[in-house]
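*Asks:* Here's a sequence, model it:
(chains A and B)
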Amino acid sequence: VRDDVVVVGIGMLPFGRYPDRTISDLSRDAIWAAIHDAGVDPRAIDAGWVANCYHGFFTGQVDAIAPLVFRYAGLGGFPMMHVSGGSGAGVVAFHDAVLGVAAEQYRLALVVGVEKQYVPGDPARSISAIATSGEQRVALEMGLTWVGDLGMGARRLMRRYGWTAEDFALVAEKNRRHGSLNPLAELQEPISAAEVLAARVVAEPLTRPMCASAAVDGAAALLVCTAETARRLVGGTHPRLAAMSLKGGRYVRNGEDDTLPGMISMNDAPEAFAEAYEHAGVGPDDVELAQIHDAVAPEELLAYQVLGLAAPGEEPALLRSGATALGGRVPVNTDGGLLARGHAIPVSGIAQIHETVVQLRGQAGPRQVRRGGDLPRLAAVQNAGAQGGPKLGGVAVSAALLFSR
Amino acid sequence: VPEPGKWRLVAEGLLDPGDDETPPALLGARCEECGEVLFPPLADCPACTTYATMRPFRVRGSGKLRDFIVVQRGPSGFAVPYVQGYIELDDGPIVYSLIDAPPAEDALRIGQRMTMTVAPLRHEDDVAVLGWKFRPLAGEEGGAA
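*Replies:* Predicted structure coming up:
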């Protein structure tokens, strides 16, 4: 994609529990926050995408999600499009908007993610909803859960590399510390690694604080255009998309599985990042911060490997060196990640981009990343979502995004 | 198998529950071009990307335990804790399955021989939803008692 697509506006509600508000109520606040942040005339918006996965599951309103979101914010007169795709949905919506403005089909595109997953008194229903982002007949109906699938991958990697539950607890401790500095995070209170290890077991060795909360609601919005449009509409300079690579899981032949990184969300990420680095003319050493998909803590460790930040097996050493914490060489999940921010599933990818823009603008306050005295120049986003079955498909989308100042 | 009218198969066309003479089998497919065996079955081969080359193939319910995990939280209808696992079947595919074993770390061993049974996975009201489960082969060292 051409390299002058920028993000000119961002808006986001704190992730949390909003049992008394509709998705339209949540998304309108995020949308108008983005419009006010950009300082644009909202009548300049000429395309809108919304990422939402489970509104149909919970309410029976399966379709017309886009008008529910945009019309209820008082907007109209532009094409309104809806995408799904589990945790990848937010980045898919962003991807579509980027292509729309880069092709000059649209000038100013609005990208929204919104979801309500918190079911008061019935956490199993939240689990059932998010399980529909995987294949049903041989997975969900058989009892497979995302935590089970990711947990089995983590256990395999523990056997392969010697990773420990304490490593996972240190990831959670770090991200909860980052989240305590982020007013938009669901979980504001820090937690020690010892407390993480002592917490309730969800699936051995994963304890509750090592797993992102799925019982959470959220909304976030972005405004996307070319740098040239931004100069005319709002002036100034804006964080730029330096590279974007989306891959989909390929069929893995019988007996071939052990050549993969080992967790479904990461299996196609090396290919995506190789392409993104090549397009941007950079390498892993140039990455100064990263937002990665830590639905469970072990995914963050594996991300160090697939982004090229650590050699296979060296991930815990990188973590324990402090390099991936705020103040380190390459802080990861500066907003707290999914573990602290919460995982309103189709919103998470947009929240990752939101945090990236905040950091590149220098608006992150106590969690601001700096190299020397300067703001960071290059930030990475890793995201993935939806699967076609434990054997037949990896993820529908595995995304590598690079942003520069 | 529960009494008639009180059960249904988890999905049509995936499982032959077998009888006194025939062991249960998974209804998979095999590519007549490249030989890849699949479960669940497809019509078109994802290994060699060829149209309409997959033929019905009975996938034997025997294999090795590849991964397992004891989960304490599950979707609606599943009684927790329960054991999830992946079985690497002797015919090639890796299949997801509930594991019929006590929900304890020391009840199972990676790599041990496993065999398939047909059993209730969960209940919808008073209807048992039947599907495949795997359990350690009797007499296997490290297997469940």
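
*Asks:* residues in contact with the closest residue to A:Ala269 other than its chain neighbours?
*Replies:* Spatial nearest neighbour of A:Ala269, chain neighbours left out: A:Val306 (4.1 Å); criterion: Cβ to Cβ, 6 or more residues apart in numbering or on different chains. For every residue, glycine as well, the C-beta is placed using N, CA and C. Counting by Cβ atoms under 8 Å, 6 or more residues apart in numbering or on different chains, A:Val306 touches A:261, A:266, A:269-270, A:273, A:382.

*Asks:* Closest one to A:Tyr106 out of the residues you listed, please.
*Replies:* Using Cβ to Cβ, A:Gln382 comes nearest to A:Tyr106 of these, at 26.5 Å.

*Asks:* is A:Val397 in a bridge, and if so with what?
*Replies:* Assessed by DSSP bridges, A:Val397 has beta-bridge partners A:Gly385.

*Asks:* How many residues are close by it?
*Replies:* 25 (other Cβ atoms under 10 Å in any protein chain shown).

*Asks:* who touches it in this structure?
*Replies:* A:85, A:88, A:91-92, A:246-248, A:383-386.

*Asks:* could I get the residues you listed as a markdown table with distance to A:Val287 and secondary structure?
*Replies:* A markdown table is the format used below for the contacts of A:Val397 (distance: Cβ to Cβ, whole Å; DSSP: H, G, I helix; E, B strand; the rest coil):
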| residue | distance to A:Val287 | secondary structure |
| --- | --- | --- |
| A:Gly85 | 25 | coil |
| A:Gly88 | 21 | helix |
| A:Val91 | 17 | helix |
| A:Val92 | 23 | helix |
| A:Leu246 | 18 | strand |
| A:Lys247 | 18 | strand |
| A:Gly248 | 23 | coil |
| A:Asn383 | 15 | strand |
| A:Ala384 | 18 | strand |
| A:Gly385 | 22 | strand |
| A:Ala386 | 26 | strand |
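
*Asks:* Make JSON lines out of those and add pLDDT and neighbour count.
*Replies:* Shown next, in JSON lines, are the contacts of A:Val397 (pLDDT from 0 to 100; neighbours: other Cβ atoms under 10 Å in any protein chain shown):
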{"residue": "A:Gly85", "pLDDT": "95", "neighbour count": "22"}
{"residue": "A:Gly88", "pLDDT": "97", "neighbour count": "32"}
{"residue": "A:Val91", "pLDDT": "98", "neighbour count": "33"}
{"residue": "A:Val92", "pLDDT": "98", "neighbour count": "25"}
{"residue": "A:Leu246", "pLDDT": "97", "neighbour count": "20"}
{"residue": "A:Lys247", "pLDDT": "96", "neighbour count": "21"}
{"residue": "A:Gly248", "pLDDT": "94", "neighbour count": "16"}
{"residue": "A:Asn383", "pLDDT": "97", "neighbour count": "29"}
{"residue": "A:Ala384", "pLDDT": "96", "neighbour count": "34"}
{"residue": "A:Gly385", "pLDDT": "92", "neighbour count": "30"}
{"residue": "A:Ala386", "pLDDT": "86", "neighbour count": "24"}
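
*Asks:* of those residues, closest to chain B?
*Replies:* A:Gly248 (12.2 Å; Cβ to the nearest Cβ).

*Asks:* so that closest one sits right up against A:Val395, yeah?
*Replies:* Yes. Using Cβ atoms under 8 Å, A:Gly248 is in contact with A:Val395, at 7.0 Å.

*Asks:* Pull up the overlap in contacts between the two.
*Replies:* Contacts common to A:Gly248 and A:Val395, judged by Cβ under 8 Å, 6+ apart, are A:Asp268.

*Asks:* Find the least confident helix or strand in chain B, judged by mean pLDDT.
*Replies:* Least confident helix or strand of chain B, by mean pLDDT, DSSP states H and E, is strand B:7-9 with a mean of 88.

*Asks:* any idea of the mean pLDDT in the helix or strand that comes right after that one?
*Replies:* Following strand B:7-9 in sequence order, the next helix or strand is strand B:15-16 (DSSP states H and E). Mean per-residue pLDDT for strand B:15-16: 93.

*Asks:* same deal with stretch B:54-68?
*Replies:* 97.

*Asks:* Also stretch A:126-138?
*Replies:* On average, stretch A:126-138 scores 85.

*Asks:* Could you export the contacts of A:Val306 as TSV, including secondary structure, neighbour count and pLDDT?
*Replies:* Supplementary listing: these in TSV, determined by DSSP: H, G, I helix; E, B strand; the rest coil; neighbours: other Cβ atoms under 10 Å in any protein chain shown; pLDDT from 0 to 100:
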residue	secondary structure	neighbour count	pLDDT
A:Pro261	coil	18	93
A:Met266	coil	29	94
A:Ala269	helix	28	96
A:Pro270	helix	18	97
A:Phe273	helix	27	98
A:Gln382	strand	28	98
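
*Asks:* which one of those residues is nearest chain B?
*Replies:* A:Pro261 (14.9 Å).

*Asks:* any idea how far A:Asp285 lies from chain B?
*Replies:* 34 Å (Cβ to the nearest Cβ, to the nearest Å).

*Asks:* Would you verify that that residue is located in a helix?
*Replies:* Yes. Under DSSP: H, G, I helix; E, B strand; the rest coil, A:Asp285 falls within a helix.

*Asks:* Give me the neighbour count for the residue nearest to A:Pro120 when sequence neighbours are not counted.
*Replies:* Using Cβ to Cβ, 6+ apart and skipping the chain neighbours, the partner closest in space to A:Pro120 is A:Pro19 (5.4 Å). By the measure other Cβ under 10 Å, the count of residues near A:Pro19 is 9.

*Asks:* ok, now the one 5 residues further on?
*Replies:* For A:Ser24, the count of nearby residues is 18 (other Cβ under 10 Å).

*Asks:* and the helix or strand A:Ile130 falls within, how far from the chain's centre?
*Replies:* Assigned by DSSP H and E, A:Ile130 belongs to helix A:123-131. Centroid separation for helix A:123-131 versus its chain: 19 Å, with Cα atoms, centre = their mean, to the nearest Å.

*Asks:* Now the next helix or strand after it: average pLDDT?
*Replies:* For helix A:123-131, the following helix or strand on the C-terminal side (DSSP H and E) is helix A:146-161. What helix A:146-161 shows for mean pLDDT is 94.

*Asks:* could you say what helices and strands whatever helix or strand comes next after helix A:146-161 packs with?
*Replies:* As assigned by DSSP H and E, the chain's next helix or strand after helix A:146-161 is helix A:165-179. Using 3 or more Cβ pairs under 8 Å, 6 or more residues apart in numbering or on different chains; DSSP states H and E, the elements in contact with helix A:165-179 are helix A:193-198, strand A:206-207, helix A:297-306, helix A:315-320, helix A:337-341.

*Asks:* any residue of the helix or strand bottoming out on mean pLDDT in chain A up close to chain B?
*Replies:* The helix or strand of chain A with the poorest confidence is helix A:123-131; it has a mean of 87 (mean pLDDT, DSSP H and E). Yes. Using Cβ under 8 Å from any Cβ of the partner chain, helix A:123-131 comes into contact with chain B via A:123-125, A:127-128, A:131.

*Asks:* Neighbour-wise, give me the winner out of those residues.
*Replies:* Counting by other Cβ under 10 Å, top hit in those: A:Ala131 with 24 neighbours.

*Asks:* if I look at it, how far off is B:Gly77?
*Replies:* 11 Å (Cβ to Cβ, to the nearest Å).

*Asks:* for A:Phe403, same thing?
*Replies:* 43 Å.

*Asks:* Repeat that for A:Leu157.
*Replies:* 30 Å.

*Asks:* go on, A:Gly153?
*Replies:* Applying Cβ to Cβ to A:Gly153 and B:Gly77 gives a distance of 25 Å.
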